[in-house]
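Asker: need a 3D model of the following:
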Amino acid sequence: MSSQDGKRRALIVTGEASGDLHGANLIRAAAKVDPGLSFFGVGGKRMAEAGCDILIPSEELAVMGAVEVLANIRVIARAMRKLRTVIDAESKPDLVVLIDYPGFNLRLARHAKAADIPVLYYISPKVWAWKKERVKTIARFVDRLALIFPFEEAYFQGLDLEAVYVGNPLMDEVQDLESRELFRNRYGIETAAPVIGLFPGSRRSEIRYNFQTLVQSARLILQDKPSARFLLPVASSLPRALFDELLAEEDLPVTLVENESIYDLAHACDAVACVSGTVTLQTALAGTPMVVVYRMSPVSFAIARLLVKVPYVSLVNIVAGEEVVRELLQEEAKPENIAAELLRILDDSGYNQQIQRGLVAVKEKMGAPGCSIRVAKMASEMSQGKVRS
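Answerer: Here you go, the predicted model:
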C-alpha cells in the first residue's frame, strides 16, 4: 500500500477543533518518531500547519446535536463518499487514524476494515456516557484504540481489541504559563481589573445557541463591576468576522483573542464561563475557576437527556468524579444564573479556593505527559504492518 517512493501514508480524520489540536500534536510527534510516515485527510488549520495535506476542512463537519447534524447531512454525506473513494483507490493509505467524532468515524472504520486497512482510533467514543453497545462495533472495526482516560480501559476488557490508556494529550500541550500581568498588558487591560473569559465554543451551532447568552451575562456583571473586562477566544475553526459582526452592536469591553495559547488566555482570567468540551479541561489545567454552560436546540437536548447516562456533562467533573465546577445546562443557562456564579467566584474567596483545589486534583488525575509520542509510535508500527503490539 505504500507509495512508489517508499513513503507510507496515513489517512487521518477529525471533525472538531479539539481533534484538530490533538491531530496536529500527533503529526508533529510522528515526524520525530517516523519521518517516513505522512498524513492527509480531514482536519483544520493546526493540522495543516503540522504538515497534514487537508482534503476536507474539518470545520465543514463540526456540528453537534441531532437537529444540527440533519441540517448538514448533505455536506457530511459528501465527505464520507470522498473518503470512501480514497480508501478504495489503488494507492490505498497504509493506515487510517480516526480522532473522536464517532458518528462519522465509526462508519468510516467499517469501510477501512473491509478494505483491509488497519485502523487506529485515537480518543475513544464516550461509551461510558452513552451508547455503551458501541464497544462491540469498535471491537469489530478498530485494531487499536488509544484511550485518554484511565477509567475507559474497563469498558473494553474481554473484547478482540487492543485498547490502551496512553495518557491525556492536553498534558503534552500545557507548558509554563505566561504571567497574567504580561498577557493583560499586551491587550491593554489593567492588572487590577476583574477579567472574565467568555468561551462560546468552536462550532457554529455552539455560537448560535450560547453566544448571546454569554453576552447578556457580561452585561449583568458590568452592572455590579463596571471595571470588568472580558476576553473571548476566536477558535481556529471559526472566522473572526463572525464575532466582529456579532459584537458590532454591543457596547461591551470585550477583547477578541486570536492565535494565543488557550492556557495563557484562561490563566489571565479571574473566572471563565465556557461551553462544555475540551476547553473545560484546558481551563482547569490553567487553574482558573469556571462555570460550564451549554445550550443546544430543544430537540437535540431532549434526545441527549434520553441517551446520556452520566451525572455530569463537563469533562472536569467527569474526571474528578464529583462536581468541582457548576454546570448550567439548557434552561438553567440563563444570563442571571451565569452572572451570579461568576460573581460568586470573583467575590467569595473561600468558594474560589475550593474550586481551585478541585482543579489541582483533576490535573493530578490526568497523568503524565507523553501521550502524543505514544500514539505516534502506535501509528508508525501499524503503518508498517504491525497491527497489534
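Asker: hey, which helix is longest across the chain?
Answerer: Ranked by number of residues, the top helix in the chain under DSSP state H is helix 204-224.
Asker: how distant is the very next helix or strand once past that helix from the center of its chain?
Answerer: Following helix 204-224 in sequence order, the next helix or strand is strand 229-233 (DSSP states H and E). Distance of strand 229-233 from the chain centroid (CA atoms, centre = their mean, to the nearest Å) equals 20 Å.
Asker: which strands border strand 229-233, and is each parallel or antiparallel?
Answerer: strand 195-199 (parallel), strand 254-257 (parallel) (DSSP bridges).
Asker: how about the strands in the stretch 101-250 of the chain?
Answerer: Secondary structure of the stretch 101-250 of the chain, counting by DSSP state E, counting those that start in this stretch: strands at 119-122, 144-147, 162-165, 195-199, 229-233.
Asker: just checking, next helix/strand downstream of the lowest-mean-pLDDT helix or strand in the chain?
Answerer: Within the chain, confidence by mean pLDDT, DSSP states H and E is lowest for helix 66-71 among all helices and strands, at a mean of 49. Where DSSP H and E defines the elements, the next helix or strand beyond helix 66-71 is helix 73-88.
Asker: which other helices and strands contact that following helix?
Answerer: strand 8-13, strand 37-43, strand 53-57, helix 102-114 (3 or more CB pairs under 8 Å, 6 or more residues apart in numbering; DSSP states H and E). In short, each C-beta sits where N, CA and C put it, glycine included.
Asker: tell me the buried residues in the shortest one?
Answerer: The reference is to strand 53-57. Within strand 53-57, the residues that count as buried by 16 or more other CB atoms under 10 Å are 54, 55, 56, 57.
Asker: Throw those residues into TSV and include distance to residue 274, thanks.
Answerer: Converted to TSV, the buried residues of strand 53-57 look like this (distance: CB to CB, whole Å):
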residue	distance to residue 274
54	27
55	31
56	28
57	24
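Asker: going by distance to residue 40, which of the residues you listed wins?
Answerer: Among the buried residues of strand 53-57, residue 55 lies closest to residue 40 (CB to CB), at 6.1 Å.
Asker: tell me who's in contact with the closest one.
Answerer: Contact analysis of residue 55 by CB atoms under 8 Å, 6 or more residues apart in numbering lists 40, 41, 42, 82, 83, 86.
Asker: which pair of these spans the longest distance?
Answerer: Greatest spatial distance in these: 40 and 82, 12.0 Å, computed using CB to CB.
Asker: of these two, which one has the most company?
Answerer: residue 40 (17 against 12; other CB atoms under 10 Å).
Asker: for the residue nearest to that one when sequence neighbours are not counted, give me the pLDDT.
Answerer: Distances taken as CB to CB, 6 or more residues apart in numbering put residue 53 closest to residue 40, at 3.8 Å, once the chain neighbours are dropped. pLDDT, residue 53: 97.
Asker: got the contact list for residue 53?
Answerer: By CB under 8 Å, 6+ apart, the residues touching residue 53 are 38, 39, 40, 41.
Asker: ok so, going back, rebuild the helices and strands packed on helix 73-88 as CSV, extending it with distance to residue 164.
Answerer: Below are the helices and strands packed on helix 73-88 laid out as CSV (distance: least, CB to CB, whole Å):
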stretch, distance to residue 164
strand 8-13, 18
strand 37-43, 19
strand 53-57, 28
helix 102-114, 17
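Asker: start and end of stretch 379-388, how far apart?
Answerer: One end of stretch 379-388 sits 11 Å from the other (CA to CA, to the nearest Å).
Asker: give the buried residues for it.
Answerer: 379, 380, 381, 382, 383, 384.
Asker: tell me which of those fall in strands.
Answerer: Among these, no residue falls in strands (DSSP state E).
Asker: of those, just say which sits nearest to residue 244.
Answerer: Using CB to CB, residue 379 comes nearest to residue 244 of the buried residues of stretch 379-388, at 39.0 Å.
Asker: and the pLDDT at that closest one?
Answerer: Residue 379 is given a pLDDT of 98.
Asker: likewise the one 10 residues further on?
Answerer: Model confidence at residue 389, expressed as pLDDT, equals 80.
Asker: for the closest residue to it other than its chain neighbours, which residues are in contact?
Answerer: Once flanking residues are discounted, residue 389 sits nearest to residue 162: 6.5 Å by CB to CB, 6+ apart. Contacts for residue 162 (CB under 8 Å, 6+ apart) come out as 143, 144, 145, 388, 389.
Asker: beta-bridge partners for the second one, please?
Answerer: According to DSSP bridges, the residues that bridge with residue 144 are residue 120, residue 162.
Asker: hang on, it packs against residue 109?
Answerer: No: checked against CB atoms under 8 Å, the pair residue 144 and residue 109 is beyond contact range at 11.5 Å.
Asker: any shared contact partners between the two?
Answerer: By CB under 8 Å, 6+ apart, residue 144 and residue 109 have these common neighbours: 119, 121.
Asker: list the buried residues for the helix or strand containing residue 49?
Answerer: Element membership of residue 49 [criterion: DSSP H and E] is helix 45-50. Buried residues in helix 45-50, defined by neighbour count with 16+ other CB under 10 Å: 45, 46, 47, 48, 50.
Asker: one more: stretch 102-110?
Answerer: So, applying 16+ other CB under 10 Å, buried residues of stretch 102-110: 102, 104, 105, 106, 108, 109.
Asker: what does stretch 148-163 give?
Answerer: Buried positions in stretch 148-163, judged by neighbour count with 16+ other CB under 10 Å: 148, 149, 152, 155, 156, 161, 162, 163.
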